[in-house]
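Engineer: Below are the sequence and a predicted model; questions follow.
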Amino acid sequence: MIATGDSFISDVVMPAFSVIRKKLESKKRMVAVDRETSEATIISTYHAQLEIRYTIGLETTAEGTFAVVSTTFRDPLTGRDEATQPEAFGQPGEEPASLSEVTEEDIVSDFFRNYKPATSSEESEGYKLQPGDLL
């Protein structure tokens with residue numbers, strides 16, 4: 001089955017964000033999720049400071065529709081929010097993954113690859129996906 005943009009957001013992205021939310025809330029983070037027709041965003045804050053804003057949107061080209069990821073995070077050295085340029089979901093140097101190739105687990109793993117806890121005493125190790133985390 002070929003995923004459409006709306007079904008990709010509702011059937012893949014939102015369940016992944018639910019897993020991410022549970023993991024972050026277990027570490028005392030405040031988490032907000034916003035869903036629109038063609039994108040979804042999850043935001044984690046700690047003591048009212050942004051840790052990460054992770055957005056998955058859709059981009060349509062002549063080759064098809066692809067997931068595009070952008071992040072904003074608080075730089076611990078400067079205290080400023082830093083944003084990344086939107087990038088097609090997939091492995092660097094490879095063709096972008098089609099919507100039907102991106103899984104819930106891929107999104108959770110990508111989120112935690114980009115996530116850095118607000119406190120330097122915390123290691124991101126505790127946020128790695130564990131067996132049974134996915135619904």
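Structural biologist: That came through, no problem. Numbers count the residues shown, from 1 in each chain.

Engineer: going forward, measure contacts between C-alpha atoms and count neighbours the same way
Structural biologist: Fine.

Engineer: can you pull out the strands in the chain?
Structural biologist: 30-35, 39-46, 49-61, 64-74, 81-83, 87-88 (DSSP state E).

Engineer: who touches the residue most central in space within the chain in this structure?
Structural biologist: For the chain, the residue nearest the mean C-alpha position is Phe111 (4.0 Å; CA atoms, centre = their mean). By CA atoms under 8 Å, 6 or more residues apart in numbering, the residues touching Phe111 are 20, 54.

Engineer: if we go to 10 Å?
Structural biologist: Phe111 makes contact with 16-17, 20, 42, 52-55, 69, 71, 105, 128 under the criterion CA atoms under 10 Å, 6 or more residues apart in numbering.

Engineer: And Arg53, by the same measure?
Structural biologist: Contacts for Arg53 (CA under 10 Å, 6+ apart) come out as 31-33, 41-45, 70-74, 81, 83, 111, 115.

Engineer: Can you flag the buried ones in those residues?
Structural biologist: 31, 33, 41-45, 70-74, 111, 115 (16 or more other CA atoms under 10 Å).

Engineer: What's the separation between the residue nearest to the centre of the chain and Thr41?
Structural biologist: Per CA to CA, to the nearest Å, Phe111 is found 11 Å from Thr41.

Engineer: Same question for Ala48.
Structural biologist: With CA to CA as the criterion, Ala48 and Thr41 are 18 Å apart.

Engineer: do Met14 as well
Structural biologist: In terms of CA to CA, Met14 sits 9 Å off from Thr41.

Engineer: Which neighbours do the two have in common?
Structural biologist: In contact with both Met14 and Thr41: 33-35, using CA under 10 Å, 6+ apart.

Engineer: Report the beta-bridge partners for the residue found closest to Thr65 once you drop the neighbours it is linked to in the chain.
Structural biologist: Closest residue to Thr65 in three dimensions, ignoring its sequence neighbours and counting by CA to CA, 6 or more residues apart in numbering: Glu59, at 5.5 Å. Going by DSSP bridges, Glu59 is paired in beta bridges with Phe66.
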